[in-house]
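Here is my input; please provide its structure:
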Amino acid sequence: MAVTISSDALDFIRKSAAASPDFEVCGLLLGEGDHIVAAVACANVAVEPGHRFEIDPAALIAAHRAARAGGPGVVGHYHSHPTGLAEPSPRDAADAAPDGSIWLIAGGAAVTAWRAVAAGERHGRFDRLALACAGMAPASQ
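Numbers count the residues shown, from 1 in each chain. From the prediction side, this is the model:
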């Protein structure tokens, strides 16, 4: 299964992650189904932002309100692993609801895509997805 993302959104995620070498950046993925049209940065309100992320609840509520008013829907979120790999950690798995949402994880220059599911292949919570830029060849992973 593949997820498509606009090149602008993918570039934004990469640049945001690179600009924050000490703290996890995070944000929302907007679009429809498996098509991401935008990535919106959100404040990381986690107590330990160097090792964990928590999206600002006010930003999440605002995005859902905008979707109900006709804007793009929230299809998932992204975050970075500043000192780790671009793959879900056991902590990510413990925090993830098996709701089918898309998780993009940036680590180094790589960005990978995952779906949060029950009994997933990675840490019992995530299945890997192919990630491709809309209208382009698959993105580097």
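
Please name the nearest non-neighbouring residue to Trp103.
Computed as C-beta to C-beta, 6 or more residues apart in numbering, the closest residue to Trp103 that is not its neighbour in sequence is Trp114, at 4.4 Å. Heads up, the C-betas are built off the backbone N, CA and C, glycines and all.

Helix or strand: which one has that neighbour?
strand 110-120 (DSSP states H and E).

Can you list the buried residues in that strand?
Using 16 or more other C-beta atoms under 10 Å as the burial criterion, the residues of strand 110-120 that qualify are 110-117, 120.

what are the pairing partners of that strand, and which direction each?
The strands beside strand 110-120 in its sheet (DSSP bridges) come out as strand 102-107 (antiparallel), strand 124-133 (antiparallel).

Indicate which one of those is closest to Val3.
Relative to Val3, the nearest member of the strands paired with strand 110-120 by C-beta to C-beta is strand 124-133, separated by 4.9 Å.

Just send the strands paired with strand 110-120 back as CSV, with distance to Gly70, mean pLDDT and mean neighbour count too.
What follows is the strands paired with strand 110-120, written out as CSV (distance: least, C-beta to C-beta, whole Å; pLDDT from 0 to 100; neighbours: other C-beta atoms under 10 Å):
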stretch, distance to Gly70, mean pLDDT, mean neighbour count
strand 102-107, 21, 97, 22
strand 124-133, 26, 96, 18
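
Quick one, which of those gets closest to Phe23.
When the strands paired with strand 110-120 are ranked by distance to Phe23, counting by C-beta to C-beta, first place goes to strand 102-107 at 12.6 Å.

From Ile5, how far out is Ala132?
Using C-beta to C-beta, to the nearest Å, Ala132 is found at 7 Å from Ile5.
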